[in-house]
Each structure stands twice: as structure tokens, then as C-alpha cells.
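K.L.:
Starting from these lines, generate the structure:
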Amino acid sequence: MRFFTLLSALAAAGFAAAQEAARFGSVEAEPCVFTGGQDVRIVYNATTAIAAGHAPESVSVWIQGTFDDTGNQTPFFRLAETEFHAELGETFFAFNNTIPEQINNLGASNWVVTAFIIYEQDGLTQFGGISNSCPQ
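P.N.:
Numbering: from 1, shown residues only. From the prediction side, this is the model:
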């Protein structure tokens, strides 16, 4: 019975993650695990968001870490922001970035990249985001 409960919980978590990807797209960082001063390539893919009717008007990319002493999350730090033109066939936003070295002074690790999008649906401006996931 416990195995079934665990399996159900994992399936629900996977379904929720898939729904978020459908709504907001996906974001990946290479290398996935990074620290301040490293060069990182970040790619936001809007294909699933556009297919779900959530074509981004703008995309902003942020990083957030975890404080080593408390386990609490750091504030978000913005890396890039751009207008997005899905109506012109744009589906990706990719850029190279040197992660600010100052984050090494925060006593934090396990940095995650999050892409936040703004989109309109049913006459309402909406906001949401999706984070990358990689083993830390």
C-alpha cells in the first residue's frame, strides 16, 4: 500500500511539472550546475507554451540559489530580459552569460535558472515561470 501511495505521489508530481512546462515552456542551462564567474549558455524554449495558447510577449531569465546555512532560498537575480515575438515564428531565446562573481559571496549554492514569461489570454495579462532541474 505504501508503494502505491508513493507511486501515486510521484506520478502527480510529474503530471504537475508537465502542466507547468506546457503553460510556460522550458529552460535549460549548460552547464547545469554553475557558480559565479562561469560562462553559461541558457536556452528558453517556448514551443509547448505557444502550443498551449500562452505565447510569451516577454521573457526574463533569473537565477536563485539556496543559502548553505539556513536552507532558505536567496532572492532572484536577473540575468536577461527580452521581448518575444511568437507571432513572427520565434520559439527560442538563447544567450551566453557570465554568471556574476558576486553570488559566490552570498554563502549559497544549488543555483537554479528560472524563465518568467508574460503572456495575454482572454484579455488578461498573465505571468508565470518555469525552472530548470538538474542534479546538484
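K.L.:
Would you state the strands of the chain in chain order?
P.N.:
26-30, 39-45, 56-67, 77-83, 92-98, 108-121, 124-131 (DSSP state E).
K.L.:
what's the burial count for the closest residue in space to residue 78 that isn't next to it in sequence?
P.N.:
Leaving out its chain neighbours, the residue that sits closest to residue 78 by Cβ to Cβ, 6 or more residues apart in numbering is residue 62, at 5.2 Å. C-beta here means a position set from N, CA and C on the backbone, and glycine is covered the same way. Residue 62 has 19 neighbours, counted by other Cβ atoms under 10 Å.
K.L.:
so who does residue 62 touch?
P.N.:
76-79, 113-116 (Cβ atoms under 8 Å, 6 or more residues apart in numbering).
K.L.:
any idea how far it lies from residue 111?
P.N.:
10 Å (Cβ to Cβ, to the nearest Å).
K.L.:
bridging residues for the residue nearest to residue 65 when sequence neighbours are not counted?
P.N.:
For residue 65, the nearest residue in space outside its immediate sequence neighbours is residue 108; the separation is 3.7 Å by Cβ to Cβ, 6+ apart. Note on residue 108: beta-bridge partners residue 67, judged by DSSP bridges.
K.L.:
Please consider this matter closed, and thank you.
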